[in-house]
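> Make a model of this:
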Amino acid sequence: MRAREAILIRAASAGLGLALLVGCSGAGSDSAAGTGLSPSGSPSSSPPAPTPSPTTSATPPVGPTGPARVAVDVDAVVATIRTLSERIGPREATSAAYREAATLAADRLDDLGYRVRRQSLQVPAGVSWGVPVRAGRTHNVIAEPVGFEPSEPHLVVGAHLDTVPQAPGAEDNGSGVAVLLEAARIVAQAPPAVPVVFIAFGAEEPRGDGDDRHHYGSRAYVADLSSAVRAALIGMISLDRVGVGSRVPICTGGRSPRTVADRLARVAQRLDIPVRRCFDNRSSDHWSFERAGLTAARIGSTPYPEYHSAEDRIGVVELRQLARVARLLTETLRTWPAG
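A predicted model of the protein is given here:
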C-alpha cells in the first residue's frame with residue numbers, strides 16, 4: 001500500500017496528467033501497468049507491460065463538436081481525493097465529517113459560479129456494512145448553472161459524497177466526487193450546448209438490505225422532481241468508484257433505455273478509451289433514476305480489495321484511470337447535441 005502510494009505521489013508531483021487535453025487521442029490506450037491489477041480489475045501476480053488496449057465498444061464514433069476543449073487537471077483531482085479521504089476521512093451521511101465534506105463541495109461549486117442549494121432529507125438508523133448508524137439528517141449539494149431553467153432539456157451528473165463508517169473513502173467515493181468537481185470546473189469555463197446540473201448525493205451507502213435502505217439522497221432528489229422536470233431530464237450519469245482499473249466500466253441497471261450509456265461508449269471509442277459494459281448494475285445512484293423511469297448510467301465499479309474498509313486510501317486510486325474517466329465524462333458533456 002505504501003509503495004503504491006509513493007508511486008502515485010511521485011507521479012503527481014512530476015506533473016503526470018497536468019496537460020491532459022479533453023478529447024485528445026492516445027492516452028486512453030494506457031494499460032494497468034504499475035497498478036497491480038489485471039485488465040479485468042482483479043489482483044495480478046505481476047504488473048502487465050504497457051500495451052495498447054482497444055475499446056470494447058463497436059459503435060460508430062461521435063463527431064468532435066461543441067465548445068472549446070479545456071485541459072483536465074488530474075493533480076487537482078488527486079488533491080481533492082486527498083482532502084476528502086485524509087483531512088476529512090470517513091463521511092457517514094449523518095456525521096459532522098459529512099457536513100464538512102458537503103460544505104467543501106458547496107464552496108467549490110459556488111466559487112465556480114454555480115447556483116448552489118442544499119436539499120435536506122431524513123435517514124433512518126440502521127446497519128451500514130456491519131456498523132450501526134444513527135438516524136439523522138443529511139443533504140444533497142445541488143449545483144445549477146446560472147440562468148438554468150429546469151423545465152428545459154438538461155443532464156445531471158452525480159456522485160455520492162458519503163462513505164460507510166469505517167472507510168476514508170478515497171476510491172469509494174472520493175474519486176467520483178473529485179472527478180465531478182473537475183468536470184464542473186471545465187463546464188463552467190466552457191459551457192456545453194446542454195446545461196448540466198452537478199449533484200453530490202448524501203446517504204448513498206446502505207443502512208440495511210434492499211433498495212429501500214440504500215440511495216437515500218438520489219431517491220429524495222428524484223421524488224422531488226415535477227413531471228415537467230422529469231420530461232426535460234435527458235439523462236443522468238453517476239460517478240461511483242471511478243479511480244481503479246484499466247478499463248472504464250459503463251453500466252446501467254437494465255431498466256432504462258441505454259441512450260446515455262451508449263453515448264458514453266461511442267465517445268470512449270473515439271478517444272481510444274477502453275471500456276467494459278455491464279447491464280445489471282443497481283448499486284449506485286443511477287438506479288434511483290432508472291427505478292423512476294428516467295434514463296441513467298453509471299461510470300465506475302471495478303472491484304478492489306480495499307472496498308468498504310479502513311484501507312480505502314489514496315494509494316488505491318490510479319492517475320491513468322482518473323484521467324480516462326475525466327476525459328470521457330467531460331468530452332461527453334462537451335459534445336452532447338442540443339435539441
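
> Find the nearest non-adjacent residue to the residue positioned nearest the centre of the chain, please.
Nearest residue to the geometric centre of the chain (C-alpha atoms, centre = their mean): residue 239, 1.9 Å. Distances taken as C-beta to C-beta, 6 or more residues apart in numbering put residue 176 closest to residue 239, at 3.6 Å, once the chain neighbours are dropped. Every residue, glycine included, has its C-beta placed from N, CA and C.

> residues near the one you found, how many?
Around residue 176 there are 32 other residues, counting by other C-beta atoms under 10 Å.

> That one - that's part of a helix, no?
Yes: the assignment for residue 176 is a helix, going by DSSP: H, G, I helix; E, B strand; the rest coil.

> residue contacts, it?
159-160, 238-242, 300 (C-beta atoms under 8 Å, 6 or more residues apart in numbering).

> Please apply the same query to residue 118.
Here residue 118 is in contact with 102, 106, 139-142 (C-beta under 8 Å, 6+ apart).

> Filter the residues you listed down to the ones in helices?
Counting by DSSP state H, the part of the contacts of residue 118 found in helices is 102, 106.

> what would the contacts of residue 118 look like in JSON lines with distance to residue 275, pLDDT and neighbour count?
Listed next are these as JSON lines, based on distance: C-beta to C-beta, whole Å; pLDDT from 0 to 100; neighbours: other C-beta atoms under 10 Å:
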{"residue": "102", "distance to residue 275": "31", "pLDDT": "98", "neighbour count": "21"}
{"residue": "106", "distance to residue 275": "32", "pLDDT": "98", "neighbour count": "19"}
{"residue": "139", "distance to residue 275": "33", "pLDDT": "98", "neighbour count": "22"}
{"residue": "140", "distance to residue 275": "28", "pLDDT": "98", "neighbour count": "25"}
{"residue": "141", "distance to residue 275": "28", "pLDDT": "99", "neighbour count": "27"}
{"residue": "142", "distance to residue 275": "28", "pLDDT": "98", "neighbour count": "21"}
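
> Pick the one among the contacts of residue 118 closest to residue 323.
residue 141 (24.7 Å; C-beta to C-beta).

> Quick check: beta-bridge partners of the residue lying closest to that closest one once chain neighbours are set aside?
Spatially, and ignoring its direct neighbours in sequence, residue 141 is nearest to residue 200 (4.2 Å; C-beta to C-beta, 6+ apart). Counting by DSSP bridges, residue 200 forms beta bridges with residue 141, residue 159.

> residues in contact with residue 200?
102, 105, 140-141, 158-161, 177, 180.

> try 7 Å
By C-beta atoms under 7 Å, 6 or more residues apart in numbering, the contact list for residue 200 reads 102, 105, 140-141, 159, 161, 177, 180.

> Looking at the residues you listed, which is nearest residue 336?
Closest to residue 336, out of all of the contacts of residue 200 and judged by C-beta to C-beta, is residue 180, at 16.4 Å.

> just checking, the closest one is part of a strand?
No: looking at residue 180 with three-state DSSP, it is helix, so not inside a strand.

> Look up how far residue 92 lies from it.
20 Å (C-beta to C-beta, to the nearest Å).

> So which of those two has more stuff around it?
residue 180 (31 against 24).

> Which members of the contacts of residue 176 are positioned in strands?
159-160, 238-239 (DSSP state E).

> so which of the residues you listed is the most crowded?
That'd be residue 238 among the ones in strands among the contacts of residue 176, by other C-beta under 10 Å, with 33 neighbours.

> any idea how far residue 95 is from the residue lying closest to that one once chain neighbours are set aside?
With C-beta to C-beta, 6+ apart as the measure, residue 286 is the residue that lies nearest to residue 238, at 4.0 Å, once sequence neighbours are left out. Taking C-beta to C-beta as the criterion, residue 286 is separated from residue 95 by 25 Å.

> ok so, going back, neighbours of the residue nearest to residue 238, just the number please.
Neighbour tally, residue 286, other C-beta under 10 Å: 32.

> Could you report the separation of it from residue 257?
Counting by C-beta to C-beta - residue 286 and residue 257 are separated by 13 Å.

> Any idea how far stretch 79-86 is from the middle of the chain?
15 Å (C-alpha atoms, centre = their mean, to the nearest Å).

> which outside residues touch that stretch?
Contacts for stretch 79-86 (C-beta under 7 Å, 6+ apart): 101, 104, 168-170, 174-175, 177-178, 181, 313-314, 317.

> what about 6 Å?
The contact list for stretch 79-86 (C-beta atoms under 6 Å, 6 or more residues apart in numbering) reads 101, 168-170, 174, 178, 181, 313-314.

> Any idea how far apart the tips of it sit?
Taking C-alpha to C-alpha, to the nearest Å as the measure, stretch 79-86 stretches 10 Å from start to finish.
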